[in-house]
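K.L.:
Pasting the sequence and the predicted coordinates here, then a few questions.
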Amino acid sequence: MVRYSENKIWRIVARVDDEIIVKSANSIERAVRSARNAVCKRLCDAAGIQYENGWWKGWISMPRRAFIENFLGEPLYVLIEEELDIDTHSVPYEVYTIQAVREVFKNVLMMCPDDIDSWGNYHWGEGDSDKVLLLGSDLPIPSAITFSGKSESEEVLAIGDAQESFDKCPHCKGVIPFGTIVLITENYRLIPANCCGEMMWIKEDDTKLFEEWE
């Protein structure tokens, strides 16, 4: 067990625009979490979007956490009465745009087919490396489709070829484009349909829908 001195604390400093944010706690985890939340709240206010409790949770929030880290200085274990020195904490001066904040903090349930490629990667940025493989990751399930009527998440167990399952798009009745996939969890299926721009959710045991599509 790590023992902390009663006379020392973990301190971390962040900067958003010209505002200096200072957070401290007895553990480095609490200090960093507090600083992250403060930076997130400040950025959301600047962008005019709602701050979400638990914004950092899950694989889908990796881009958010990475974005916030750019505003944080180095956490240091200092004496409680030690004078604050921003240079010692190596506090960066991060330049950002409101559009970038809105893009990073968009609701993950607002994913569209264009965000998901034929290999099952979710693209959250413009760069080729700004992507996450959905296979093996938890997928957020909207409350409108869940059995419980509440938001859920399930692991993507497999990725299938939509053309092998359907002769035509269940929504627009058009031809399913080559490369369209089906994301398969234990109880749900998701088809990112580029032909009509719909994210189609299917319950695993919804046999009536399958009969209508045959």
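P.N.:
Sure, I can see it.
K.L.:
Give the next helix or strand downstream of the longest helix along the chain.
P.N.:
Ranked by residue count, the top helix of the chain under DSSP state H comes out as helix 28-47. Using DSSP states H and E, the next helix or strand after helix 28-47 towards the C-terminus is helix 62-69.
K.L.:
Can you give me the buried ones in that next one?
P.N.:
Going by neighbour count (16 or more other C-beta atoms under 10 Å), the buried part of helix 62-69 is P63, R64, F67, I68. The C-beta positions use only the backbone N, C-alpha and C, and glycine is treated the same way.
K.L.:
And for stretch 143-156?
P.N.:
I145, T146, E152, S153, E154, V156.
K.L.:
Among the residues you listed, which one lies nearest to E52?
P.N.:
S153 (14.9 Å; C-beta to C-beta).
K.L.:
thinking again about what came up before, and the longest helix of the chain with helix 62-69, angle?
P.N.:
Angle, helix 28-47 to helix 62-69, by axes from the mean of the first three to the mean of the last three C-alpha atoms, to 10 degrees: 90 degrees.
K.L.:
Chain neighbours aside, what residue packs nearest to the residue nearest to the spatial centre of the chain?
P.N.:
Centre of the chain computed as the mean C-alpha position; nearest residue by C-alpha atoms, centre = their mean is S61, 2.3 Å away. Distances taken as C-beta to C-beta, 6 or more residues apart in numbering place W55 nearest to S61, at 6.3 Å, with adjacent residues excluded.
K.L.:
who are the neighbours in contact with that neighbour?
P.N.:
C40, S61, R64, F105 (C-beta atoms under 8 Å, 6 or more residues apart in numbering).
K.L.:
For those residues, please prepare TSV with the additional fields pLDDT and distance to N187.
P.N.:
Formatted as TSV, the contacts of W55 follow (pLDDT from 0 to 100; distance: C-beta to C-beta, whole Å):
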residue	pLDDT	distance to N187
C40	95	32
S61	80	23
R64	89	27
F105	83	28
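K.L.:
Tell me where this structure has helices.
P.N.:
According to DSSP H, the helices that the chain contains are 28-47, 62-69, 98-104, 162-165, 207-213.
K.L.:
and those as JSON lines, adding distance to I21?
P.N.:
Formatted as JSON lines, these follow (distance: least, C-beta to C-beta, whole Å):
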{"stretch": "helix 28-47", "distance to I21": "5"}
{"stretch": "helix 62-69", "distance to I21": "11"}
{"stretch": "helix 98-104", "distance to I21": "16"}
{"stretch": "helix 162-165", "distance to I21": "46"}
{"stretch": "helix 207-213", "distance to I21": "50"}
